[in-house]
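> could you look at this predicted model? Sequence included:
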Amino acid sequence: MNSNKFELIGNANYIDIRATEKGNFIAKVLLGIYLGRDKDGNGLYDSVEVTLFGDMAEKFGNSVQKKDSVYLEGRITVNKYKNKDGVEISKPQFIANSFTKVVFDKDRKEFVTSGEELPWDTK
């Protein structure tokens, strides 16, 4: 079992795709995620930045648009650096190694892959 793994479903609120000088791609995605409800029944949401590299980043940029729902899977690393005051900062970084576009099926009350036959597709 891999204990360094994440699985997230959310909406792509912001997508930034760039090519490096060597022609490789890097995609940064701000993923809006649903956290559940508070004690008053209000929805709780947050955002997580996820990074994709290489061919996966290029495919993501060609197939996912802002506000699309996606399922991302990958690993977590810790990015350590010193800020301008010389203080060492540790920041978790989510690196995706796969993604799938999904849609929310209201009848089933769950996310399904966009290629899966949905109940209203059959007559």
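Ah, there it is. Numbers count the residues shown, from 1 in each chain.

> ok, which stretches of the chain are strands?
For the chain, the strands defined by DSSP state E occupy 6-19, 25-37, 43-53, 69-82, 88-105, 110-113.

> show me the shaky parts of the chain.
Along the chain, segments meeting pLDDT under 70 span 1-2, 114-123.

> compute the number of surrounding residues for the closest residue to residue 29 other than its chain neighbours.
In this structure, residue 29 finds its nearest non-sequential neighbour in residue 50, 4.8 Å apart by C-beta to C-beta, 6 or more residues apart in numbering. C-beta here means a position set from N, CA and C on the backbone, and glycine is covered the same way. Counted with other C-beta atoms under 10 Å, the neighbours of residue 50 add up to 23.

> so how far is residue 16 from residue 50?
11 Å (C-beta to C-beta, to the nearest Å).

> picking up where we left off before, bridging residues for the residue nearest to residue 29?
Note on residue 50: beta-bridge partners by DSSP bridges are residue 29, residue 94.
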